[in-house]
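In: Build the 3D model from these lines:
(one chain, ligands or ions: 2)
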Amino acid sequence: MSGRRRALITGITGQDGSYLADLLTDKGYEVFGTVRRSSSENSERINHLHGRVQLLQADLLDQASLTMALQESRPHEVYNLGAQSFVPTSWSQPVLTAEFTGVGVTRLLEAIRTVDPGIRFYQASSSEMFGKVREVPQTELTPFYPRSPYGVAKAYGHFITVNYRESYGLYAASGILFNHESPRRGLEFVTRKISDAVARIKLGLATELRLGNMDAERDWGFAGDYVEAMWLMLQQPEPSDYVIATGETHSVREFVDLAFAHAGLDPERHVVTDPAFLRPAEVDQLIGDSSRARAELGWVPRTSFTELVEMMVDADLARLASAARV
Ligand code: NAP
Ligand code: F7E
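Out: Numbers count the residues shown, from 1 in each chain. Ligands and ions are numbered 1, 2, ... in the order given. Model prediction:
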């Protein structure tokens with residue numbers, strides 16, 4: 001073991017895991033990440049970190065694998081970013097979502113208690129827990145009313161984190177993060193679905209974009225800014241829970257309009273509403289108040305909504321244009 005600080009990230013192959021691994025390697029950490037066994041390669045988001053992060057096989061469904069990953073890496077900090085994170089899939093696979101996204105948190109906390117209760121633990125909680133919101137804007141004190149099996153599973157993960165902090169004195173912090181996006185966002189989430197479609201339409205590879213509820217409003221930030229808040233939460237004298245958000249809300253329609261305009265396209269000619277993308281229960285509007293994080297962590301979002309939309313469209317245009325050249 002080197003004398004450097006060590007961090008273990010579950011979900012390192014995901015959007016946030018890859019940005020957090022970038023941040024922690026830049027800070028000089030020895031970074032470990034857990035990956036699930038797969039029949040094909042899925043490390044696209046962390047290929048640029050080859051040789052700078054160490055990958056260990058573990059699954060949030062498998063207690064022994066989590067304990068072994070901790071024994072092998074002996075981390076000072078654990079970031080639990082692994083989850084089934086796509087809200088629509090949580091209706092088609094509600095039990096699996098509860099196992100990964102909910103009970104998986106308990107498995108990891110139990111592994112920490114067994115291997116080293118001094119480990120600092122970060123739980124990736126979500127604004128989806130607010131669901132049918134009880135107040136506007138949402139703070140750390142706003143009651144939860146989740147509207148999807150995913151939101152329900154995240155509420156369990158949140159409270160078990162609080163409970164282990166209070167029951168066993170673990171350093172366990174929960175970040176209630178509002179939607180955050182990037183060019184590394186999965187293609188099924190609405191922002192990336194839009195930026196990818198805009199790029200395809202611009203390059204003549206597609207003609208239409210089918211969307212569900214365009215009136216839904218979200219508080220969208222940039223994932224690169226948000227992983228910094230995760231790290232800051234584990235550097236405090238005492239563990240706590242923090243809302244991380246921009247404080248602005250925008251509709252899916254606004255995202256569409258900005259993205260198409262940035263590429264010089266007219267959305268009216270390409271966007272089609274498709275009931276197949278409507279949800280059994282919708283979260284109509286989210287807007288977060290991150291005053292506490294700003295005051296106690298000194299965290300501020302640095303990327304504006306317009307910059308985020310344009311960054312995503314530009315990245316998809318560059319990626320698809322380069323693939324077309326090859
Ligand atoms: P993501 O891109 O979907 O990544 C999810 C990660 O979890 C992937 O690395 C995935 O591995 C891993 N995973 C899935 N099932 C697992 C299992 N059973 N055991 C171990 N790992 C497993 O999600 P993200 O956007 O980076 O989000 C990171 C975390 O923050 C998630 O917990 C998410 O629910 C939460 N969150 C996200 C947002 C947001 O707006 N992005 C907001 C609030 C909270 P594979 O590559 O093998 O599938
Ligand atoms: O949907 C609407 C949809 O899937 C946003 C996850 O990271 O953030 C994310 O959850 C909105 C919803 O994200 C389409 O109905 C319209 O109102 O991009 P999304 P999400 O459900 O907000 C939270 C904070 C998390 O924690 C989650 O892990 O967009 N919408 N038309 C659509 N959404 C999708 N996916 N596809 C559409 O065609």
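In: Show me what from the stretch 1-150 of the chain comes close to ligand 1.
Out: 10-11, 13-17, 34, 36, 42, 59-61, 81-85, 100, 124, 126 (Cβ under 6 Å from any ligand atom). C-beta: built from backbone N, CA, C; applies to glycine.
In: again, only this time at 5 Å
Out: 11, 13-16, 36, 42, 59-60, 81-83, 85, 100, 124, 126 (Cβ under 5 Å from any ligand atom).
In: Now which of these would you call buried?
Out: The neighbour count (16 or more other Cβ atoms under 10 Å) marks 11, 13-16, 36, 59-60, 81-83, 85, 100, 124, 126 as buried among those.
In: Keep only these that also lie close to ligand 2.
Out: Okay, of these touching ligand 2 (Cβ under 5 Å from any ligand atom), that's 85, 126.
In: Out of the buried ones among the residues of the stretch 1-150 of the chain next to ligand 1, list just those in strands.
Out: 124, 126 (DSSP state E).
In: between the buried ones among the residues of the stretch 1-150 of the chain next to ligand 1, which is nearest ligand 1?
Out: Of all these, ligand 1 sits closest to Gly14, with 2.1 Å by Cβ to the nearest ligand atom.
In: what's near enough to touch the closest one?
Out: Listed by Cβ atoms under 8 Å, 6 or more residues apart in numbering, the contact partners of Gly14 are 45, 81-82, 85, 186.
In: Quick check: residues of the stretch 151-300 of the chain near ligand 1?
Out: 177, 179-180.
In: quick one: which two of the residues of the stretch 1-150 of the chain next to ligand 1 are the most distant?
Out: Asn42 and Ser126 (22.4 Å; Cβ to Cβ).
In: circling back: from the residues of the stretch 1-150 of the chain next to ligand 1, pick the one nearest His50.
Out: Using Cβ to Cβ, these come closest to His50 at Thr13, 12.9 Å.
In: Give me the pLDDT value at the residue of the stretch 201-326 of the chain found nearest ligand 1.
Out: Closest to ligand 1 within the stretch 201-326 of the chain is Ala223: 6.4 Å, counting by Cβ to the nearest ligand atom. Ala223 carries a pLDDT value of 99.
In: Tell me the pLDDT of Ala324.
Out: 84.
In: on that earlier part again, wait, doesn't the residue of the stretch 201-326 of the chain closest to ligand 1 sit right on Arg185?
Out: Yes - the pair Ala223 / Arg185 is scored as a contact, 7.3 Å apart, by Cβ atoms under 8 Å.
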